[in-house]
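Q: 3D model of this:
(one chain, ligands or ions: 1)
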Amino acid sequence: MKEIRIEGRKPLEGEIKIQGSKNAALPIMAAALLHKGEIILHQCPDIADVHTMAEIMKKLGVKIQYKNHTMVLDCSHVKETRIDFTEGRKMRSSVILLGSLLGRFQDACIPYPGGCVIGKRPIDLHIWALEKLGVSFFEKESVLVAQRKKLQGTEIVFSGSSVGATQNAVLASVLAEGVTRLKNCACEPEVIWLCDFLCSCGAKITGAGSRTICIRGVEKLHGTEYTIPPDRIVAGTYVCASAITRSQIVLSNAPIEEMEALLCLYQKMGGQYEAIGGKLSLCSRWVQYPIMRQCTEVYPGFPTDLQSPLMAVLSTIPGQSCLVENIFEDRFRTADQLKKMGADIHIKGREAWIRGGTLKGARVEAQELRGGAALVIAGLAAEGVTYIENPQYIERGYEDICQDLKMLGAAIEIE
Ligand code: EPZ
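A: Got it, this is the predicted structure:
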């Protein structure tokens, strides 16, 4: 089995380019189904989840070519509306295909998306919103079957903020009859980018990024050529890599305007940054201040996806820090792996209490995407050698974290 080997405490310097966003690319790929023709996506990240989504869509009849980060999807001849069970179970975010399949066809079948390491990941809000639009659901042998006659626009007030449920409701409303008004929507950039992509195909959507999104149904969409935005979580991960190694690096193509909460925290830790000409220059020489209490929140608050990488950084800053995970119910698993490296972390319910010190190289295992990335970050600062098992979890969302960090001077290999 492959594993990542890191010899810690090498100073990082230099510049890396941030890849396209996984969490923007996946719903946009699903949205391509709403157009009976060709869609071209540039800067589409070369990551496992994108390739899994492509495999699922190919089995529906979509023709997909992918070369040099450009993906061409031809959805002219899609006949199948049942998601392949094995592929679908591999990636719970395939649930986003519900909205676009139901936007175009009268039925859809997806494997009931299970939970994962970070939480139960229910889809009640997705189902509830689609039912409001006229979809009926039933479950058969852990497959979710959805049917609808006509999708009728309506008002939908979400009881909780969900990125995926907001996206599914938008996807199902774009070709529906009449106007759909979504309230208490998620405001994450990935909702904005999906709506922006759909508008570039002729959809009529206003309010993306606010709590209320209005979709006026149209007859059909037209093709488009679209560039996937850079990944704010990958960029944030590399800010953490700079902070934990107290180094100076430059991120080109980082979506700085979507990283405010993290950059504010980075300054509180003692980091300094400059945004010049689309480049984010980081100076972490004086990173030394613990963080009294930081909660993960919906956007524009501090993102849950950076909670584990930040935990790794705080494990090296002397003093007491506290992280509060408010989005997912089981996202502190990485603490156990960091403790193998000498981290001093106590979990009390939704709070992780961290007392920073020195990390030592150890053999640890990635159990999910962002926790795995946090272990790479920790390995950069640890004394000695760290081995990280199950790197396939990290490859789901990072194009080549080893190559990126190696370019900055890290002694890191995947073996
Ligand atoms: C998206 O997941 C992202 N995934 C996640 O990134 C990210 O952590 C999350 O949004 C929050 O920002 C993709 O975009 C593919 P939610 P999503 O629905 O849409 C609860 C990564 O590492 N909830 O906003 O699944 C849910 O359990 C991944 O890239 C319900 O209760 O997140 C959670 O507690 C991890 N019922 C909260 O809402 C529902 O029907 C937020 O979930 C849906 C969600």
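Q: near the ligand, which residues of the protein?
A: The chain comes close to the ligand at residues 22-23, 26, 93, 119, 121-126, 160, 162-165, 186, 188, 190, 304-305, 327-328, 369-370, 397, as judged by Cβ under 6 Å from any ligand atom. To be clear about C-beta, it is placed using only N, CA and C from the backbone, and glycine gets the same treatment.
Q: which ones among those map onto helices?
A: Mapping the residues of the chain next to the ligand onto helices (DSSP state H) picks out 22-23, 26, 124-126, 163-165, 190, 369-370.
Q: beyond the helix or strand of the chain with the lowest mean pLDDT, next helix or strand please.
A: Within the chain, confidence by mean pLDDT, DSSP states H and E is lowest for helix 85-90 among all helices and strands, at a mean of 90. Counting by DSSP states H and E, the next helix or strand C-terminal to helix 85-90 is helix 97-104.
Q: just list what the least confident helix or strand of the chain packs against, helices and strands only.
A: Applying 3 or more Cβ pairs under 8 Å, 6 or more residues apart in numbering; DSSP states H and E, one finds that helix 85-90 contacts helix 48-60, strand 107-111.
Q: rewinding a little: of the residues of the chain next to the ligand, buried ones?
A: With burial judged by 16 or more other Cβ atoms under 10 Å, the buried subset of those is 22-23, 26, 93, 121, 123, 125-126, 162-165, 186, 188, 190, 304-305, 327-328, 369-370, 397.
Q: possible to save the helices and strands packed on helix 85-90 as JSON lines with mean neighbour count and mean pLDDT?
A: Shown next, in JSON lines, are these (neighbours: other Cβ atoms under 10 Å; pLDDT from 0 to 100):
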{"stretch": "helix 48-60", "mean neighbour count": "20", "mean pLDDT": "97"}
{"stretch": "strand 107-111", "mean neighbour count": "21", "mean pLDDT": "96"}
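Q: nearest to Cys322, of these?
A: helix 48-60 (31.3 Å; Cβ to Cβ).
Q: got the contact list for the closest one?
A: For helix 48-60, the external contacting residues (Cβ atoms under 8 Å, 6 or more residues apart in numbering) are 22, 25-26, 29-30, 32-33, 44, 64, 66, 71, 73, 78-81, 83-84, 87-88, 90-91, 93-94, 97, 101, 392, 395-397.
Q: try it again with 6 Å
A: Residues from elsewhere that reach helix 48-60 (Cβ atoms under 6 Å, 6 or more residues apart in numbering): 22, 25-26, 29, 64, 78, 80, 83-84, 87, 90-91, 94, 395-396.
Q: the residues you listed, buried ones only, as a PyMOL selection?
A: To isolate the buried members of the contacts of helix 48-60 in PyMOL, using 16+ other Cβ under 10 Å:
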select buried, resi 22+25+26+29+64+78+83+84+87+90+91+94+395+396
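Q: and the most far-flung residue of the chain relative to its centre, how far is that from the ligand?
A: What lies farthest from the middle of the chain is Lys149; by Cα atoms, centre = their mean that is 32.7 Å. Distance, Lys149 to the ligand, by Cβ to the nearest ligand atom, to the nearest Å: 24 Å.
Q: and that residue, what does it touch?
A: Lys149 neighbours (Cβ under 6 Å, 6+ apart): none.
Q: same check, this time on Ala30
A: 96-97, 100.
Q: which residues does Ile205 bridge with?
A: Beta bridges link Ile205 to Ile215 when assigned by DSSP bridges.
Q: I figured it hits Cys214, correct?
A: No: using Cβ atoms under 6 Å, Ile205 is not in contact with Cys214, being 7.1 Å away.
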